[in-house]
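**Student:** Below is the sequence, then the predicted model.
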Amino acid sequence: MIETITALPAFDDNYIWLLRDSANKVCAVDPGDPQPVIDYLKRENCTLAALLITHHHPDHTGGIAELTERYSCPVYGPANSRISGITRPVSEGDTLEVLGSTLTVLDVPGHTLDHIAYLNSQTSPAAAVPQLFCGDTLFAGGCGRLFEGTPEQMLESLEKLASLPEATEVYCTHEYTQANLRFAKACEPANTELSSRAVAVDALRAANEMTLPSTLELELATNPFLRCKEASVIAAAEKFSGVRPATPVEAFAAIRARKDEF
């Protein structure tokens, strides 16, 4: 079973998530840079058991070639992608055994068309609650930019994630929380839970502490991209676009467009 989860910083603001069992086997999620993983394996005397890839962007895939050449492990990734090095293509509803835990695959297009997420619903010492490894689809306080998908696709993906148990831990792959919450406050300045969260996050970043993982409960209360049916977010969308949105998709599209310029 997955016993611990460790965040390895990479590049300017990425996190590579390392899942580890009691036998010192490790699975790396989105290793864009191989070196932090190599250093960890040497330092901790661990074995690399698998790689999990969420989408094709280089800051999530750049370490595949060197890591698999060194350690010869399976690479799970989206079936509808041309990512070099994937040996176990997976898609919606597929399950995979990783370190004795069963993960379920969710298709979550929007940021990219090939984007998937991995959900660990099993209870273990590290997973008393479900764990979601969602790449760049859902961020703490935000969501990924729409590089390939449509607002309809992205909102559908976010709603799929929002339907998971509220206790689910959200392991996204960028330290964007502080900037995301500044925009969230522009959408919902009267959201008191959001204001409290922003204060806590500012304190963490001032101390150079990470802000992840989040929880789905916290995202539902403070992340405007999961709150497109709320009157306050609809009003923000109208203010940003000059047109009152008739649907949650239109509200989402308006606030996502403004976030791109924020």
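**Tutor:** Received, thanks. Numbers count the residues shown, from 1 in each chain.

**Student:** make it CA atoms for all contacts and neighbour counts henceforth
**Tutor:** Will do.

**Student:** thinking Thr112 is in contact with Glu148, fair?
**Tutor:** Yes. Using CA atoms under 8 Å, Thr112 is in contact with Glu148, at 4.9 Å.

**Student:** Have a look at the two and say which one is more surrounded.
**Tutor:** Counted by other CA atoms under 10 Å, Thr112 and Glu148 do not tie: Thr112 has more neighbours, with 23 against 14.

**Student:** Check for me that the more buried one belongs to a helix.
**Tutor:** No. Assessed with DSSP: H, G, I helix; E, B strand; the rest coil, Thr112 is coil; it does not lie in a helix.

**Student:** residue contacts, it?
**Tutor:** By CA atoms under 8 Å, 6 or more residues apart in numbering, Thr112 lies in contact with His55, His56, Leu146, Phe147, Glu148, Gly149.

**Student:** Point out where the chain drops to low pLDDT.
**Tutor:** For the chain, the stretches flagged by pLDDT under 70 are 123-127.

**Student:** which residues in it form helices?
**Tutor:** Using DSSP state H, the helices of the chain run over residues 34-44, 58-61, 64-71, 151-162, 177-187, 192-206, 216-222, 231-241, 248-261.

**Student:** Let me see the contact set for Gln64.
**Tutor:** Residue 64: Ile, not Gln. Contacts of Ile64 by CA under 8 Å, 6+ apart are Pro31, Gly32, Pro34, Leu51, Val75, Gly85.

**Student:** coming back round to it: narrow the contacts of Thr112 to those that are buried.
**Tutor:** His55, His56, Leu146, Gly149 (16 or more other CA atoms under 10 Å).

**Student:** Can you tell me the closest non-neighbouring residue to the first one?
**Tutor:** Going back to what we said before, that points to His55. Residue nearest to His55 in three dimensions, not counting chain neighbours: His115, with 4.7 Å by CA to CA, 6 or more residues apart in numbering.
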